[in-house]
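1. Need coordinates for the following:
(one chain, ligands or ions: 1)
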Amino acid sequence: MKRTVGSSRRTRYKNRLIQLLDMVDRPLSHHEIIDYTVQWKHGISTVVLSNILSKDEAFEIFGKVKSAKTVGSSDCWDVNTYILSPIGVELAASLPTATPCKGCNQTIIFTNEKRPCSACYIKKKEEERNNA
Ligand SMILES: [Zn+2]
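-> This is a model prediction of the structure:
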């Protein structure tokens with residue numbers, strides 16, 4: 001595969017998406033994935049996300065759900081849900097296992113060092129300072 005400009009950031013996003021889908025272990029819609037990715041530094045644009053999900057061989061479409069925001073309204077439409085393809089499952093095995101932060105149970109830690117997320121870290125430091 002040819003390397004293109006911005007491919008390293010794209011690879012980082014792709015790896016995180018693989019880790020995320022591996023962690024939740026159920027199909028996720030575009031919208032649900034965006035909910036997870038807002039916590040990422042610099043986030044990920046919906047265009048880039050769509051592009052990766054639809055074109056990368058690590059992901060495949062599982063099925064369809066009604067778009068979450070508009071259930072019952074006239075502009076309710078079907079959105080795809082995604083799972084890891086066999087290639088994605090294989091890649092997931094070579095990546096660190098993602099886990100929610102033990103402090104807040106919200107922020108997902110994508111590295112092997114299971115430290116608290118930066119928000120929890122700052123909070124802990126402040127508490128230490130207040131107790132000193
Ligand atoms: Zn946390």
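
2. Could you list the buried residues of the one helix or strand in the chain whose mean pLDDT sits lowest?
-> Lowest mean confidence among the helices and strands of the chain (mean pLDDT, DSSP states H and E): helix 30-37, at a mean of 87. For helix 30-37, the buried set under the neighbour-count rule, 16 or more other CB atoms under 10 Å, comprises 30, 32-33, 36-37. For the C-beta atoms, the positions are set from N, CA and C on the backbone; glycine is no exception.

3. helices or strands next to the very next helix or strand once past it in the packing?
-> Counting by DSSP states H and E, the next helix or strand C-terminal to helix 30-37 is helix 46-55. Judged by 3 or more CB pairs under 8 Å, 6 or more residues apart in numbering; DSSP states H and E, helix 46-55 is in contact with helix 7-24, helix 30-37.

4. who are the neighbours in contact with Leu49?
-> 13, 17, 30, 33-34, 37 (CB atoms under 8 Å, 6 or more residues apart in numbering).

5. about what we covered before: which one of the buried residues of helix 30-37 is nearest the ion?
-> Closest approach between those and the ion, by CB to the ion: Tyr36, at 14.1 Å.

6. Does the closest one touch Thr107 like I think?
-> No: counting by CB atoms under 8 Å, Tyr36 does not reach Thr107; the two are 9.9 Å apart.

7. which parts of the chain sit against the ion?
-> Contact residues, the chain versus the ion (CB under 5 Å from the ion): 101, 103-104, 107, 117, 120.
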